[in-house]
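K.L.:
have a look at this prediction, sequence included:
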2 protein chains.
Amino acid sequence: MLPKTENSLPSLVEIIQRTRNAAIALAKSSNTVKNNALEVIAIALEEQATLILEANQKDITAANEAGLPTALIARLKLDKNKLNSMIAGVRDVTRLVDPIGDRQIHRELADGLVLERRSCPLGVIGVIFEARPDAVTQIAALGIKSGNGVILKGGSEAVHSCEAIAKVMQNALESLYAQQGGVSPYVVQLLTTRAETLAILQMDKLIDLIIPRGSNQFVRYIQTNTHIPVLGHADGVCHLYVDEFADLEQAVLIAVDSKTQYPAACNAIETMLVHSAIAAKFLPSAMKALQVKGVELRGCDRTQKIIDISAASESDWSTEYCDLILAIKVVDSPSEAIAHITTYGSKHTEAIMTSNQAIADQFMADVDAAGVFHNCSTRFADGFRYGFGAEVGISTSKMPPRGPVGLEGLVTYKYHLVGKGHIVADYAGANAKTFTHRDL
Amino acid sequence: MLPKTENSLPSLVEIIQRTRNAAIALAKSSNTVKNNALEVIAIALEEQATLILEANQKDITAANEAGLPTALIARLKLDKNKLNSMIAGVRDVTRLVDPIGDRQIHRELADGLVLERRSCPLGVIGVIFEARPDAVTQIAALGIKSGNGVILKGGSEAVHSCEAIAKVMQNALESLYAQQGGVSPYVVQLLTTRAETLAILQMDKLIDLIIPRGSNQFVRYIQTNTHIPVLGHADGVCHLYVDEFADLEQAVLIAVDSKTQYPAACNAIETMLVHSAIAAKFLPSAMKALQVKGVELRGCDRTQKIIDISAASESDWSTEYCDLILAIKVVDSPSEAIAHITTYGSKHTEAIMTSNQAIADQFMADVDAAGVFHNCSTRFADGFRYGFGAEVGISTSKMPPRGPVGLEGLVTYKYHLVGKGHIVADYAGANAKTFTHRDL
């Protein structure tokens, strides 16, 4: 049963608590119930397409009037095609394996005493993102599939679009709920003000995970202003090391792809390290190919002696440009490349080009990063490309979940222990019974 | 090769950096090399038993002179038996499955482009513990087995014992290393001052995980004074809910075991919740059995109407006594019990006594805790009892690792991606190649 309508507006804490309560029920819902809710949402998004596109038009008009950057307006803009792919994305989530209730351990500890470790939802997830309104449906779908309540806060530029999309989803859940039960509409909540964002960062009793999606500065702000666990990464300073045993033609292609295929992505490279033995041969052709794509190159002294580019300063080695700029450094050994990455890298994705297996093995073992790549582009570091079916974020923390994180990142586990009156005193001291520890 | 002997003493950062370098080599060591190092340590501990016991005697003398509590002196005290079980513990670790190099994902993303997710060590772990010198060998063994460097800081009361044990271990590794290579003695480092402890909490670039073992206050201090991930728990406010459908005789035994089998443990119960329908029958016999064991009982109003005990105040519901004290509250339903646990519990271990499967299922699903137990003692929440072969800590965080954590807690993973010049541009746009996403 839905809570009664209140005369006064609920407080933020009440809103989050409602989502928490709804999530407790959702945690016990079957895959069928969850997929049914997602299908109902997909249908409603189709039916209400005009309403959503009209709301989006309001955001676009306001963004144009405010003179916001073209790239931001492009991300903000919805059209029939983009909406269709959002809807397809919701239906894709129904095809993912239910991540809840997975029995990871099943073990008899002693006669009649059985331990199970079962996956369960985290509870309530707060997702704070910038301009892209398509994130609303994606995150809501992943949240519902994994049994979690989702608190969404979109960028202020996208407020009309986000409100329209959230309303369509909530109405769809509400009428399904009224007809046949299912998933409470309170599992998804949209916040619209910055004050609310700041407030939820303090609610570590009510929110179990924060996923920030946005600029480095934005993510770092979130990380330093909450005690709630944060899934994400502030920096993506990735490197490509071109070893003396690299296929140099291939290395040029990989350098171009890793830098230019989507330069604003966190998995684009910022620095290329080049072995001195092949630098004179490699750098001129790499320069040519990168400059054709509009990349500005900045080199160390030794690089500048080979190709005519501007100088890299110390700060270049630790900068994530998010732009068509690449720093280049000549090194004398794989170890020097690894040491440079250890000093300046952000533990995201690091690649080596070499045909020498021993050197590749050394690089993959000694480089401390979520992804260590051999003879391929760093741009493959992505949940969809890894085949996770979804990506809720990319983590550069050392502890799991690490790297591109799919639904797995929205799930935890509980230990269930069932006995028949078992007490520990029987398994201690002189005549202690012994544990069987037999996996079932 | 070991670093050259320095004329001046190395700084703390240099010490930790040495351990970090040693850990990078250790991460690539085979299970045989690691087990060999552990066996050499075990032999050295046997050979140097007298030296260790003499050092321990110094700590005991100092502790007696300082008038430290008897319980602390008991934990501090080593004798031949305790030392033998420490040595047996090191050998037990050799029999654990190597947690490193486990291939968790093996997937072809596209023709010739293969993804692997492989377990790897965290890097360097800082373990800060109070009086128990036996923790030194246990943690060092688990650290070596999992390929991590270990920085140990023992309590000041145990300084002579810890120094002696650490020296024996380091000397054993050093002579093995000099003879045939293996594991650098720098993988284990002992710190002895509080100033060093405070300093390492700031070294988030050099230390990957902090494991504090000690009082709630101590753990909370660590948690709030570092950006390094912390494995542990500040509180263990665990509950036993005796439902109206409980076997009351069994419930008395479980209450006694959960409270008294080791009252200072984090998995001992602090509050017992009793269904009103059986309270009048259950509470007198529970009182008798608990009072025989010396437990002081504090009850809510309704409890006090049934048995003659002192009153529980609001603060009792959130207190971890670590002592023979138990708060008791009468509730009218499983939902009220769950709500109480949600408000006051610390997400550690929560148990229900009932013969009603539906109520048990509700309790296990709706209680948010690392362990949810049915008809057994909360004292079973322990890595050894769960059959993990070791316990590095118990975590009450919602994110994994959660609950009792074995070697798994000292391990993370990396994604290895190996291609043949693959670029993302080929998998995007109009004539995009498709991913195969085929598990190998």
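P.N.:
Everything's here; your move. Residues are numbered from 1 along each chain as shown, chains lettered A, B, ... in the order given.

K.L.:
in the host helix or strand of residue A:363, what's buried?
P.N.:
Using DSSP states H and E, residue A:363 maps to helix A:357-366. Neighbour counts over helix A:357-366 (16 or more other CB atoms under 10 Å in any protein chain shown) mark A:359-360, A:362-366 as buried. Quick note: C-beta positions are derived from backbone N, CA and C, even for glycine.

K.L.:
which stretches in the stretch 151-300 of chain A count as helices?
P.N.:
Ranges of helices within the stretch 151-300 of chain A are A:159-180, A:194-200, A:216-224, A:248-260, A:276-292, based on DSSP state H, counting those that start in this stretch.

K.L.:
to residue A:186, which of the ones you listed lies closest?
P.N.:
Closest approach to residue A:186 among the helices of the stretch 151-300 of chain A (CB to CB): helix A:159-180, 8.2 Å.

K.L.:
is stretch A:139-153 in proximity to chain B?
P.N.:
No: figure legend: stretch A:139-153 not in contact with chain B (CB under 8 Å from any CB of the partner chain); closest approach 10.7 Å.

K.L.:
chain center to that stretch: distance?
P.N.:
Relative to the chain's own centre, stretch A:139-153 is displaced by 13 Å; criterion: CA atoms, centre = their mean, to the nearest Å.

K.L.:
average pLDDT across it?
P.N.:
For stretch A:139-153, mean pLDDT rounds to 94.

K.L.:
do stretch A:331-338 as well
P.N.:
For stretch A:331-338, mean pLDDT rounds to 98.

K.L.:
list the buried residues for it?
P.N.:
Of the residues in stretch A:331-338, those buried by neighbour count under the rule 16+ other CB under 10 Å are A:331, A:334, A:336-338.

K.L.:
do it and chain B meet at all?
P.N.:
No: interface with chain B: stretch A:331-338 contributes nothing (CB under 8 Å from any CB), its closest point being 9.4 Å away.

K.L.:
enumerate the positions of the longest strand anywhere in chain A that are buried.
P.N.:
When chain A is parsed with DSSP state E, its longest strand is strand A:411-422. Buried residues in strand A:411-422, counted by 16+ other CB under 10 Å: A:411-419, A:421-422.

K.L.:
what's the farthest-apart pair in these?
P.N.:
For these, the maximum inter-member distance is 32.1 Å, found between A:411 and A:421 (CB to CB).

K.L.:
report pLDDT for the closest residue to residue A:323 other than its chain neighbours.
P.N.:
In this structure, residue A:323 finds its nearest non-sequential neighbour in residue A:263, 5.7 Å apart by CB to CB, 6 or more residues apart in numbering or on different chains. Residue A:263 is assigned a pLDDT of 90 by the prediction.

K.L.:
same check on the one 3 residues further on?
P.N.:
Model confidence at residue A:266, given as pLDDT, is 90.

K.L.:
what are the structural domain limits within chain A?
P.N.:
A:12-224, A:238-380 (automatic domain parsing).

K.L.:
how far does the last one sit from the chain's center?
P.N.:
If you compare the mean C-alpha spot of domain A:238-380 with that of the full chain, they lie 24 Å apart, counting by CA atoms, centre = their mean.

K.L.:
for chain A, what are the low-confidence residue spans?
P.N.:
Low-confidence segments of chain A, defined by pLDDT under 70: A:1-8.

K.L.:
around chain B, pick out the residues from the stretch 151-300 of chain A.
P.N.:
Close to chain B, as judged by CB under 8 Å from any CB, the stretch 151-300 of chain A has residues A:208-209, A:229, A:247, A:250, A:253-254, A:256-257, A:261-262.

K.L.:
now residue A:111: closest residue in space, sequence neighbours ignored.
P.N.:
Nearest non-adjacent residue to residue A:111, counting by CB to CB, 6+ apart: residue A:436, 6.8 Å away.

K.L.:
and the one you found, which of the three is it?
P.N.:
When classified by DSSP: H, G, I helix; E, B strand; the rest coil, residue A:436 comes out as coil.

K.L.:
beta partners for whatever residue of the stretch 251-400 of chain A ends up closest to chain B?
P.N.:
Nearest residue of the stretch 251-400 of chain A to chain B (CB to the nearest CB) works out as residue A:376 at 2.9 Å. When bridges are called by DSSP bridges, residue A:376 pairs up with residue B:422.

K.L.:
ok, how many other residues are close to it?
P.N.:
Neighbourhood size, residue A:376 [other CB atoms under 10 Å in any protein chain shown]: 29.

K.L.:
surely it meets residue B:417?
P.N.:
Yes: contact status for residue A:376 versus residue B:417: in contact at 5.8 Å, counting by CB atoms under 8 Å.

K.L.:
which residues do those two both contact?
P.N.:
The contact sets of residue A:376 and residue B:417 overlap at residue B:113 (CB atoms under 8 Å, 6 or more residues apart in numbering or on different chains).

K.L.:
give the contact list for the residue nearest the centre of chain A.
P.N.:
Relative to the mean C-alpha position of chain A, the nearest C-alpha, by CA atoms, centre = their mean, is the one of residue A:393, at 0.4 Å. Going by CB under 8 Å, 6+ apart, residue A:393 touches A:211, A:213, A:231-233, A:405, A:409.

K.L.:
please name the nearest non-neighbouring residue to residue A:98.
P.N.:
Leaving aside its sequence neighbours, residue A:98 sits nearest to residue A:31 (CB to CB, 6+ apart; 3.9 Å).

K.L.:
residues near the one you found, how many?
P.N.:
Neighbour count for residue A:31, taken as other CB under 10 Å: 16.

K.L.:
quick one: it and residue A:99, what's the gap?
P.N.:
Distance, residue A:31 to residue A:99, by CB to CB, to the nearest Å: 10 Å.

K.L.:
just residue A:362 next, same as before
P.N.:
Spatial separation of residue A:362 from residue A:99 under the definition CB to CB is 36 Å.

K.L.:
number of residues surrounding the residue in the stretch 101-250 of chain A positioned nearest to chain B?
P.N.:
At 3.9 Å from chain B, residue A:250 is the closest residue in the stretch 101-250 of chain A, using CB to the nearest CB. Residue A:250 has 19 neighbours, counted by other CB under 10 Å.

K.L.:
so how far is residue B:432 from the residue nearest to it when sequence neighbours are not counted?
P.N.:
Nearest residue to residue A:250 in three dimensions, chain neighbours excluded: residue B:421, at 3.9 Å (CB to CB, 6+ apart). With distances taken as CB to CB, residue B:421 is found 17 Å from residue B:432.

K.L.:
then residue A:214?
P.N.:
27 Å.

K.L.:
compare those two and say which is more crowded by neighbours.
P.N.:
Between residue A:214 and residue B:432, residue A:214 has the larger neighbour count (other CB under 10 Å), namely 16 against 11.

K.L.:
isn't that one right up against residue A:127?
P.N.:
No: Residue A:214 lies out of contact with residue A:127 (CB under 8 Å); the separation is 10.9 Å.

K.L.:
dump the residue contacts of residue A:215.
P.N.:
Neighbour list for residue A:215: residue A:130 [criterion: CB under 8 Å, 6+ apart].
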